[in-house]
Every structure is written in C-alpha cells, then in structure tokens.
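Undergrad: I would like to see how this sequence folds:
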Amino acid sequence: MKRVLVIEDNADTSLMLVCALRGFGYLASSVARREFAIQAVIVEAPHTVFVDLFMAGDSIDTFCAQMRSIRPNVKVVLMSAANSAAVAEVSFRNDISFLLKPFEPKAMCAFVDNVLESGDYVAVP
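TA: Prediction:
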C-alpha cells in the first residue's frame, strides 16, 4: 500500500485530503506544521508528500532539501491556490509536482497515481 503524508495547516483541507486518499486505497496521514513533517517523513516513510506552499516554517526550498536528504526518492506535490510564475519556479527548482487548489478528491487521487507511476515532474492536471 502506498503511503502519503499531507502537510497542511487548514484542518478542513487536510481532513478532505486524508479521507479521499484513504478512500482510494492509500495509507494517508497528516501533520499541520512543517516542523513536525520531517519527523513524520522519518517515521512514516511516505512515497508521496503533499505540502501546502504557504505555511509557516522553513522555506519550501529548505524543507524539500531536508526531506530529500532523508528520503531521496519521495515524490512531492506542492499545493497552492496561487497559480503564478513564482509558484511554477518553486516547483521546477525543486523538481516537484504542482496541484492547484481547489481540486476534486477523485482528480487529486488520479494525480497521485500519475506522480507515483511516472516518476516525473507532473504539471497541473
């Protein structure tokens, strides 16, 4: 079973993601703060990590570097309601996929399948 970690500070969004992922057969868990996320990556060894771009804590660049030093092959999906050149640059710079909020749970799970199967950077579906 594929493991997914959701790093999201909005409780409603986090719950929706975890429930949807579990409903589609993923082993999903969540943390609400980036400073707890590295420990969760160590303990849970996720295959994919969903991370909200605009959260308190380290920059997304620093966070991705820390996470990949622990799990080099983890797939990262950056989530944001902002669809701008700056967000695209962060995604490309860190070789991570990007998913624009809001999204439907079924589309999100198909997106995760694509990320895990392709192993490549995936743009907004």
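
Undergrad: confidence-wise, which helix or strand of the chain is lowest on average?
TA: helix 85-93 (a mean of 63; mean pLDDT, DSSP states H and E).

Undergrad: let me know the helix or strand that the residue nearest the centre of the chain is in.
TA: Nearest to the geometric centre of the chain sits F50, at 1.3 Å (Cα atoms, centre = their mean). Here F50, judged by DSSP states H and E, is contained in strand 48-52.

Undergrad: isn't A82 up against L53?
TA: Yes. The pair A82 / L53 is scored as a contact, 7.2 Å apart, by Cβ atoms under 8 Å. Glycine gets a C-beta too; all of them are placed from N, C-alpha and C.

Undergrad: how about the nearest residue to E8 once chain neighbours are set aside, what does it touch?
TA: In this structure, E8 finds its nearest non-sequential neighbour in S14, 4.1 Å apart by Cβ to Cβ, 6 or more residues apart in numbering. Contacts of S14 were listed using Cβ atoms under 8 Å, 6 or more residues apart in numbering, and they are 6, 8, 30, 32.

Undergrad: so who does the second one touch?
TA: Same thing as E8. 14, 17, 30, 32, 50-52, 55, 79.

Undergrad: of those residues, which is the nearest to V41?
TA: V41 lies nearest to V51 out of those, by Cβ to Cβ, at 10.6 Å.

Undergrad: quick check: beta-bridge partners of the closest residue to the closest one other than its chain neighbours?
TA: Among residues not flanking V51 along the chain, I7 sits closest, at 4.4 Å (Cβ to Cβ, 6+ apart). Beta bridges link I7 to V31, V51, judged by DSSP bridges.

Undergrad: I7 touches F54, doesn't it?
TA: No. Under the criterion of Cβ under 8 Å, I7 is not in contact with F54, lying 11.7 Å apart.

Undergrad: can you pull the buried residues of stretch 98-109?
TA: 98-99, 103, 108-109 (16 or more other Cβ atoms under 10 Å).

Undergrad: narrow the contacts of S14 to just the buried residues.
TA: 6, 8, 30.

Undergrad: tell me who's in contact with E44.
TA: The contact partners of E44, taken as Cβ under 8 Å, 6+ apart, are 3, 5, 29.
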